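Student: Here is my input; please provide its structure:
(2 chains)
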There are 2 protein chains.
Amino acid sequence: LKRITVAPSNAADDVYDVVVGSGVLETLPELLREAVAAPRFALICDSNVAPLWGGSVRNSVNASGARVDLLVFDAGEASKNRETWAVLSDALLERGVGRDACVLALGGGVCCDLAGFVAATFMRGIACIQIPTSLLAMIDASIGGKTGINVPQGKNLIGAFLSPRMVIVDPAVLETLPDEELRAGLSEAVKHGAISDESYFDWIAENAEQILKRDAAALERLVVRSIEIKTAVVAADPRESGMRATLNFGHTLGHGIEKVLGYRMAHGHAVAIGMALEAALGEALGITSSGTAARIRTVLETLGLPHDLPPEVDPAALIAATSTDKKSRASRVRYALLERPGTIARTSTGSWTHEVTPESVLHLLPHASA
Amino acid sequence: LKRITVAPSNAADDVYDVVVGSGVLETLPELLREAVAAPRFALICDSNVAPLWGGSVRNSVNASGARVDLLVFDAGEASKNRETWAVLSDALLERGVGRDACVLALGGGVCCDLAGFVAATFMRGIACIQIPTSLLAMIDASIGGKTGINVPQGKNLIGAFLSPRMVIVDPAVLETLPDEELRAGLSEAVKHGAISDESYFDWIAENAEQILKRDAAALERLVVRSIEIKTAVVAADPRESGMRATLNFGHTLGHGIEKVLGYRMAHGHAVAIGMALEAALGEALGITSSGTAARIRTVLETLGLPHDLPPEVDPAALIAATSTDKKSRASRVRYALLERPGTIARTSTGSWTHEVTPESVLHLLPHASA
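Tutor: Numbers count the residues shown, from 1 in each chain, chains lettered A, B, ... in the order given. So this is what the prediction gives:
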């Protein structure tokens, strides 16, 4: 069992623990009592997670002496929208859930973000505890207080920050995670190594087989180290005003690819391609040491993750998708770039991100169109 | 010109100034530059305020060198809902407004809350500056970071906290405020005196005529003193976990009355009746010194505000409306009660609010039904 305390630099009230360990869910009643004095819990999960873990978590909360309401939404990224948010919020209101209640977000990244946004906006914010069940949610979405929903204009464009009261991570639940989702999570683990810990980056490459076989010790080590990296960055920059942007490595082009493909590609796969491309971009700009992109492609390949831009992604459309300002398709965009695996490159003025022209990106893409 | 700095006790980042003074809007470009480094502003106001102040504020922002988009929504409490929030948010996205932009909430309480909620949930929260144009918004809604919308289950049940970067209060704009809205704001000013400053409470009573005639000096003094009281309470308890509950004096029954009447009564009028009833409730419980309710009724009468429960409000319905838990209509509810005008009564255990049985409240109401 490992406890990692997150103490965001801007708010003493928002300190919380990430509790990680195989089997830690068996101590859920005690953990809940420690984290929050709530007489009532709203357990939110999707239709895939509900039959797997919903019942046992509900029983655990009951055992702690608190009342619990289970709310289930349709599994899938398509549910992460204003409508599901409104339906869940209304369900809490209809059941008389009050300000002293606590939301339990049990599930993958969609549930973390969606249930978190319900908590963040319910009566101006109520307590929330994250219980991530996917690797991606364990090492990324559940930590850092980002909550939100998607809108037709893009992903996560509507949302709020709400620090959870506790994050409870039990790698044992990864047993039921589909292979593709495990792989998608590993993409973020590679990113953690790439931006801040070369030895971790190498460890992932060397232990890919154990990790993909779901060796319990290997998975736990991976989850713990990734959470350590993510929490350190989040604590230093809770509101994403500086250093937190380093977590966007691979995500500027990754998000663009997702958008161009209408979100049919898994987030982790898009980020994998994004990392390979952004490493090559850094090399082309003379910011990233040569050979970095090759090392990233190798580890991605070992993990069964993609690293090449799919032919159906039009480069011009990708460039447009990376810009939030629709009226300036040719605007410069800021990228988090590596110095080498394990080290992020800062600009000469100390910025964590680099302004890159669309031409530099286009130049790099395999089949640039006019 | 007066500057009142609000430094919420929980977050060093969230310090902001309330700048008050007749004609202060003329210095808007400088104030904006001081408050926020935003290249772009989203000016949000309703269809009543837009023709009065929208153009001059827009020109001021332009004069500061920033780009400004003016977004207008239909005036009225009915607009303070999820749909208008979504339409405004989508408009910002469609125009390519980014995270470095700042929302300017120009208007009354509805605009403060609605535009504030747009800012609080746009890309996980962007900067917001409040420019209140009604008395109620100047001394209440614009200060303290409460933002939110109404849902069929009740008012302000969905929302978030977002400290503004600055609140800019120009009492000169009260010239165009309808009489009924001026009166509604005065109800909150009476509350400020009642919960924390007897001499201010008495000053309002003695200067009612000047205030209602909109004497500039009297209005400015009232606005400044009320803001001082509100900001002091908010700074001590930004997240409404304790002392801030004292601002709810008159509001527990006030909100209930609004709800029973389907929100056809002005908020300030409902609060006026709520204060008179809650003072009488405190007296009946032996918590409030006798004569307090009479003094409150007198000042309300002098200001042309109501203090009696309208006959169309069914007492049982009012009791039910004060409870958020629909399944426990008979549950006890916590009230902020006075010791005497100018002093809030704390419980023997130090709580700022008192648990009251529905019977105690029913007993007090003029025409209790079975």
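Student: Kindly format the C-alpha coordinates of the longest helix seen in chain A as CSV.
Tutor: As assigned by DSSP state H, the longest helix anywhere in chain A is helix A:216-236. C-alpha atoms of helix A:216-236 as CSV (Å, rounded to 0.1, in the frame of the first residue of the first chain):
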residue,chain,number,x,y,z
ALA,A,216,0.5,-7.8,-10.7
ALA,A,217,3.9,-6.5,-9.4
ALA,A,218,4.8,-4.9,-12.7
LEU,A,219,1.3,-3.2,-13.0
GLU,A,220,1.5,-1.9,-9.5
ARG,A,221,5.0,-0.5,-10.0
LEU,A,222,3.9,1.2,-13.2
VAL,A,223,0.8,2.6,-11.6
VAL,A,224,2.7,3.9,-8.6
ARG,A,225,5.5,5.5,-10.6
SER,A,226,3.1,7.2,-13.1
ILE,A,227,1.0,8.6,-10.2
GLU,A,228,4.1,9.9,-8.5
ILE,A,229,5.1,11.8,-11.7
LYS,A,230,1.6,13.1,-12.4
THR,A,231,0.9,14.2,-8.8
ALA,A,232,4.3,16.0,-8.6
VAL,A,233,3.4,18.0,-11.8
VAL,A,234,-0.1,18.7,-10.7
ALA,A,235,0.9,19.9,-7.2
ALA,A,236,3.4,22.3,-8.7
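Student: That helix near chain B anywhere?
Tutor: No. If you take CB under 8 Å from any CB of the partner chain as the test, helix A:216-236 misses chain B, and the best it gets is 13.1 Å. Backbone N, C-alpha and C define where each C-beta goes, glycine included.
Student: what distance separates the helix or strand that that helix is followed by from the centre of its chain?
Tutor: Using DSSP states H and E, the helix or strand that directly follows helix A:216-236 along the chain is helix A:251-260. Chain-centre distance of helix A:251-260: 14 Å, with CA atoms, centre = their mean, to the nearest Å.
Student: how about residue A:249, what does it touch?
Tutor: Neighbouring residues of residue A:249 by CB atoms under 8 Å, 6 or more residues apart in numbering or on different chains: A:191, A:194-195, A:275, A:278, A:336-338, A:344.
Student: these two touch, right, residue A:121 and residue A:89?
Tutor: Yes. Residue A:121 is within contact range of residue A:89, at 7.1 Å (criterion: CB atoms under 8 Å).
Student: Give me the common contacts of the two.
Tutor: Residues touching both residue A:121 and residue A:89 (CB under 8 Å, 6+ apart) are residue B:158.
Student: buried stuff in the longest helix of chain A?
Tutor: The neighbour-count check on helix A:216-236 (16 or more other CB atoms under 10 Å in any protein chain shown) flags A:218-231, A:233-235 as buried.
Student: from the contacts of residue A:249, which is closest to chain B?
Tutor: Relative to chain B, the closest of the contacts of residue A:249 is residue A:336; by CB to the nearest CB it sits at 15.5 Å.
Student: Quick check: the gap between the closest one and residue A:148.
Tutor: Distance, residue A:336 to residue A:148, using CB to CB, to the nearest Å: 20 Å.
Student: again, but for residue A:279
Tutor: Distance, residue A:279 to residue A:148, by CB to CB: 28 Å.
Student: if you count what's nearby, which of those two comes out ahead?
Tutor: A direct count of neighbours by other CB atoms under 10 Å in any protein chain shown for residue A:279 and residue A:148 places residue A:279 higher, at 27 against 23.
Student: so what's that one up against?
Tutor: Contact analysis of residue A:279 by CB under 8 Å, 6+ apart lists A:194, A:288, A:292-293, A:296, A:338.
Student: Pretty sure it sits in a strand.
Tutor: No. Counting by DSSP: H, G, I helix; E, B strand; the rest coil, residue A:279 is not found in a strand; it is helix.
Student: if I look at it, how far off is chain B?
Tutor: Plainly put, residue A:279 is 26 Å away from chain B if you go by CB to the nearest CB, to the nearest Å.
Student: Repeat that for residue A:135.
Tutor: 23 Å.
Student: What count of nearby residues applies to the closest residue to residue A:345 other than its chain neighbours?
Tutor: For residue A:345, ignoring the flanking residues on the chain, the nearest one in space by CB to CB, 6 or more residues apart in numbering or on different chains is residue A:339 at 4.0 Å. By the criterion of other CB under 10 Å, residue A:339 has 15 neighbours.
Student: cool, and residue A:294?
Tutor: Close neighbours of residue A:294, defined as other CB under 10 Å, add up to 12.
Student: Now residue A:356: phi and psi?
Tutor: The phi/psi pair for residue A:356 (degrees, to the nearest 10) reads phi -130, psi 140.
Student: so it makes contact with residue A:284?
Tutor: No. Using CB under 8 Å, residue A:356 makes no contact with residue A:284, being 9.9 Å away.
Student: neighbour-wise, which of the two wins?
Tutor: Between residue A:356 and residue A:284, counting by other CB under 10 Å, residue A:356 is the more crowded of the two (21 against 16).
Student: Please spell out which residues along stretch A:121-137 are buried.
Tutor: For stretch A:121-137, the buried set under the neighbour-count rule, 16+ other CB under 10 Å, comprises A:121-137.
Student: Which ones among these lie within helices?
Tutor: With helices taken from DSSP H, the overlap with the buried residues of stretch A:121-137 comprises A:121, A:135-136.
Student: Format those residues as JSON lines; extra columns: pLDDT.
Tutor: Formatted as JSON lines, those follow (pLDDT from 0 to 100):
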{"residue": "A:121", "pLDDT": "98"}
{"residue": "A:135", "pLDDT": "97"}
{"residue": "A:136", "pLDDT": "95"}
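Student: Low-confidence ranges, chain A, go.
Tutor: A:10-13, A:324-330, A:367-370 (pLDDT under 70).
Student: And the strands in chain A?
Tutor: A:2-6, A:16-20, A:40-46, A:67-73, A:102-107, A:127-132, A:146-151, A:154-161, A:166-169, A:333-335, A:338-340, A:343-344, A:354-356 (DSSP state E).
Student: what packs against the second one?
Tutor: For strand A:16-20, the elements it packs on are strand A:2-6, helix A:28-35, strand A:166-169, helix A:216-236, judged by 3 or more CB pairs under 8 Å, 6 or more residues apart in numbering or on different chains; DSSP states H and E.
Student: and the angle from the longest one to strand A:127-132?
Tutor: Put plainly, it is helix A:216-236. Angle, helix A:216-236 to strand A:127-132, by axes from the mean of the first three to the mean of the last three CA atoms, to 10 degrees: 140 degrees.
Student: Kindly report the residues of the stretch 151-300 of chain A close to chain B.
Tutor: Residues of the stretch 151-300 of chain A that fall close to chain B, judged by CB under 8 Å from any CB: A:151, A:153-154, A:156-161, A:239-240.
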